[in-house]
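S.K.: Got a sequence here, can you build the structure:
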Amino acid sequence: MPPVATDNSPEKAGGAIDSTGVILWSSTRPETFFARREIKQLVLLSLAFTFVFLYPILCDSKLSGPGIGAWIIRPQLEHFVSIPSDGADRDMFTQLRWVPYYTLTHFHQLPFWNPYKCGGMPMLGNPESGIVTPFLLLYLIFGLIPGMLLEIYLHVAIMFAGGYVLGRELGLVPLAALVLAAMFPSSSWLSLHVAVGHLNFLSIAYIPWILALLLASCRLRRWHLAMLGGLLCGLTLTEGNYGFVFAAMLVAIVAVWYAMIQLSVRPLLAASLIGIFAVAFSMPKLVPTAELLTIHPRDWGMSYLTWRGVLISLFSRDQDLDHPLVASFFFSEYAGYLSAPFILLALIGTIGDVRKSFPWVLGAIFFFMLYRGDTGPNAPTMWLRQLPLGGNIGLCGRWVIPLVFCISVLAALGTQSLCERPQQWGLRLAKLLFAVGIADAWLVCAPNYRYLLQPPRPSPPPSKAFRQYCPGFTVPLTFIAMAGLGSTDCGGVGYTVPKGSVLGYNEKGYRGEYYLLGAGSVTETLWTPNRMSYEVNASEPTSLVVNQSMYPGWHLTHGDGTVYAEKALIGVRVPSGRQEIELVFTPLHIVAACAIALFALATLIIVWWIEMRSRDDSTLHRL
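M.R.: Residues are numbered from 1 along each chain as shown. Predicted coordinates:
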């Protein structure tokens, strides 16, 4: 028997039910229900969209400049084995993928320490690292470059699907939800950051899902959905850094607005759960990252964007990576192309339904002010710098990402307004603007993806034993690491080695990778990234010095001695006599951090089980 329409049924609400009785969607209430067919179509459409927009990755990167030109018919399949160790940011992020991969597969150790960078620094605590993520499995299974390409591809597909789900959760018709799904990842902010190798921005893909889970948690009155949103929010930090800040601000804006218009505290409670569980799930990276940024803060200094720079960054159709600078940093840091059809849809969405558009207009204004940067003593960015670790937030241009997201939601609302008009021209106009907008975005933004896999620079010959090496700038970090060497010169990649500490074997004053300060002999018996062993024979008390940066977490697991900093190097005070010394690096508080994350996961599973069981019981009771 088909379901009977009631006052609360989708038929009465202007929705639909499929042949199996599953609710598809309601056009008059902010509720989202999916049929299996719609889910399958969304998955296929997400994969197809991603393939089309990422196709340029396979093409010739040597043909530079805006436009599609001749490169579109010149795919370079050798990219699957070409490692972009070019000394730029691509190289930095490639090395951050190679080191965990190699540490796990070759040394069978957890990637806690990175001896290959800056004379040695934490691997897990590096803000740009992406280790605590299921996508690490792609590298372990397929290798470095295939794993990287799959990581990019799947994140873009996740971003597209999340935008659609959020649109449906906002009560939008499928076409309007598709506008949100396509506009946000098709903008140049994503293609440019991927083009220069900024893989830490991929985790922004989870933001639409986090907001959708916030709304779904309130709609379905299920707390486990908010906790799941916290898990995804935690991934924005464990896989990157900026996405966590963007997600937190957007969740706060949406939760406060819905709490006000619904006169309910449930949105605030759901947002709080997202925040609490996000912090809990991100603990394995959050704790070591906070420690690193406290010891070695990164202050990028003043950063601002002129009005002329804003117009060029957002509206110029020349969004090529080689575009001249419009501010104090590269064009890729500020660009976020807004196609004219999408702008028109966003304007319609702004005035079409103020109740729905207000939080996104407010968000767009707020993020635009942050996007302008340090324009005065009372600029929002100046206030953010007063927060703990606020000086590490970085370049103001990166606020273009949540700005484009808010405008994408407004464009989706504008599409909804056109679709709701009784005349057919509204739907037709919406389809036309969407088609032209997405085609324009591909022509303007997608070509940048071909710049990712650049030809590598010359690298040093392989070394039989690990040694530190000073290459000078430009720094081919990945190939230096693959040669079994550690780079001491990290200028231009956010970190520096204190002068006079770690020295390369090709620098004056180099004494070896290990040595004693006094009389005696020392022999290395084991070298791995996290664990090193030495046989020391000292005629009197002395110190063993290891040519790597000293950092909290290095400790002795075997032997008699005291670990300390010897002119910023790892030092061990040892007594006289012969003994075996074993040094191990373990991030401080990592066991407690992992325990908190596991406890949060167990709590999520238990709450999910209880709420699903109560739902099943209530269903049986109604029957």
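
S.K.: ok now do the residue nearest the centre of the chain, which residues does it touch?
M.R.: For the chain, the residue sitting closest to the mean C-alpha position, by Cα atoms, centre = their mean, is S203 at 3.0 Å. Neighbouring residues of S203 by Cβ atoms under 8 Å, 6 or more residues apart in numbering: G130, H155, L235, T236, L237, T238, E239, G240, G243, F244. Using the backbone N, CA and C atoms, a C-beta is placed for each residue, glycine as well.

S.K.: how close does it get to L269?
M.R.: When Cβ to Cβ, to the nearest Å is the yardstick, S203 and L269 sit 25 Å from each other.

S.K.: Just say helix, strand or coil for the nearest residue to L149 once chain neighbours are set aside.
M.R.: Taking Cβ to Cβ, 6 or more residues apart in numbering, and ignoring the residues beside it in sequence, L149 has I57 as its nearest neighbour in space, at 6.7 Å. Each residue gets one of three states, and I57 gets helix by DSSP: H, G, I helix; E, B strand; the rest coil.

S.K.: Grab the longest helix from this protein for me.
M.R.: Residue-count comparison of every helix in the chain, with assignments taken from DSSP state H, identifies helix 590-622 as the longest.

S.K.: other SSEs contacting that one?
M.R.: Judged by 3 or more Cβ pairs under 8 Å, 6 or more residues apart in numbering; DSSP states H and E, helix 590-622 is in contact with helix 223-238, helix 266-281, helix 283-295.

S.K.: quick one: it to chain centroid distance?
M.R.: In this view, helix 590-622 has its centroid 26 Å away from the chain centroid, taken as Cα atoms, centre = their mean, to the nearest Å.

S.K.: If I take that helix and helix 223-238, what angle do their directions form?
M.R.: Helix 590-622 runs at 150 degrees relative to helix 223-238, counting by axes from the mean of the first three to the mean of the last three Cα atoms, to 10 degrees.

S.K.: Please identify the buried residues of helix 590-622?
M.R.: When burial is assessed from 16 or more other Cβ atoms under 10 Å, helix 590-622 yields the following buried residues: I590, A593, I596, A597, A600, L604, V607, W608, E611.

S.K.: from memory the fourth one sits against F277, does it?
M.R.: No: in this structure, A597 sits apart from F277 without contact. The criterion is Cβ atoms under 8 Å, and the distance is 9.7 Å.

S.K.: which residues are common contacts for the two?
M.R.: Common contact partners of A597 and F277 (Cβ under 8 Å, 6+ apart): G234.

S.K.: Kindly reformat the contacts of S203 as TSV containing neighbour count, pLDDT and distance to V326.
M.R.: Formatted as TSV, the entries for the contacts of S203 read as follows, by neighbours: other Cβ atoms under 10 Å; pLDDT from 0 to 100; distance: Cβ to Cβ, whole Å:
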residue	neighbour count	pLDDT	distance to V326
G130	23	91	29
H155	23	97	27
L235	27	96	32
T236	26	95	27
L237	25	94	29
T238	23	94	32
E239	30	94	29
G240	24	84	24
G243	25	91	24
F244	24	93	27
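
S.K.: Kindly reformat the helices and strands packed on helix 590-622 as JSON lines containing distance to S576.
M.R.: Below are those laid out as JSON lines (distance: least, Cβ to Cβ, whole Å):
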{"stretch": "helix 223-238", "distance to S576": "46"}
{"stretch": "helix 266-281", "distance to S576": "48"}
{"stretch": "helix 283-295", "distance to S576": "33"}
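
S.K.: so which of these is the most packed in?
M.R.: Mean neighbour count, computed with mean count of other Cβ atoms under 10 Å, is highest for helix 223-238 among the helices and strands packed on helix 590-622, reaching a mean of 25.

S.K.: For the nearest residue to F135 once chain neighbours are set aside, give its distance to F201.
M.R.: In space, and not counting its chain neighbours, F135 is closest to E151: 4.9 Å by Cβ to Cβ, 6+ apart. Applying Cβ to Cβ, the value for E151 to F201 is 12 Å.

S.K.: mind exporting stretch 241-257 as CSV, just the C-alpha atoms?
M.R.: What follows is stretch 241-257, C-alpha atoms only, in CSV (Å, rounded to 0.1, in the frame of the first residue of the first chain):
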residue,chain,number,x,y,z
ASN,A,241,45.6,23.5,9.0
TYR,A,242,43.5,26.4,7.5
GLY,A,243,40.4,24.3,7.0
PHE,A,244,40.0,23.9,10.7
VAL,A,245,39.8,27.6,11.3
PHE,A,246,37.5,28.2,8.4
ALA,A,247,35.2,25.3,9.5
ALA,A,248,35.0,26.6,13.1
MET,A,249,34.0,30.1,12.0
LEU,A,250,31.4,28.9,9.5
VAL,A,251,29.9,26.5,12.1
ALA,A,252,29.7,29.3,14.6
ILE,A,253,27.9,31.7,12.2
VAL,A,254,25.4,29.1,11.0
ALA,A,255,24.7,27.8,14.5
VAL,A,256,24.1,31.2,16.0
TRP,A,257,21.7,32.2,13.2
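
S.K.: Just the buried residues of that stretch, please?
M.R.: By neighbour count, with 16+ other Cβ under 10 Å as the criterion, the buried positions of stretch 241-257 are 241-251, 253-255, 257.

S.K.: Out of those residues, flag the one nearest to P541.
M.R.: Nearest to P541 among the buried residues of stretch 241-257 is N241, at 44.0 Å by Cβ to Cβ.

S.K.: wait, that closest one sits on P127?
M.R.: Yes: with contact defined as Cβ under 8 Å, N241 reaches P127; the gap is 4.5 Å.

S.K.: Tell me, what's the model's pLDDT at the nearest residue to G559 once chain neighbours are set aside?
M.R.: Sequence neighbours aside, I581 is the residue nearest to G559 in space, at 3.9 Å (criterion: Cβ to Cβ, 6+ apart). Predicted confidence (pLDDT) at I581: the value is 95.

S.K.: and what of D7?
M.R.: On the pLDDT scale, D7 is placed at 36.

S.K.: for R622, same thing?
M.R.: Per-residue confidence (pLDDT) for R622: 51.

S.K.: Helices of the stretch 251-400 of the chain, residue ranges please.
M.R.: For the stretch 251-400 of the chain, applying DSSP state H, counting those that start in this stretch gives helices covering 266-281, 283-295, 307-315, 340-352, 354-372, 380-384, 400-419.

S.K.: can you put these in a markdown table and add mean pLDDT and distance to A327?
M.R.: Output for these, formatted as a markdown table (pLDDT from 0 to 100; distance: least, Cβ to Cβ, whole Å):
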| stretch | mean pLDDT | distance to A327 |
| --- | --- | --- |
| helix 266-281 | 97 | 31 |
| helix 283-295 | 91 | 24 |
| helix 307-315 | 95 | 5 |
| helix 340-352 | 96 | 22 |
| helix 354-372 | 94 | 10 |
| helix 380-384 | 79 | 13 |
| helix 400-419 | 97 | 11 |
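
S.K.: how many other residues sit next to the residue nearest to G559?
M.R.: Summarising burial for I581: neighbours were counted as other Cβ atoms under 10 Å, giving 23.

S.K.: so it sits in a helix?
M.R.: No: secondary structure of I581, determined by three-state DSSP: strand, with no helix assignment.
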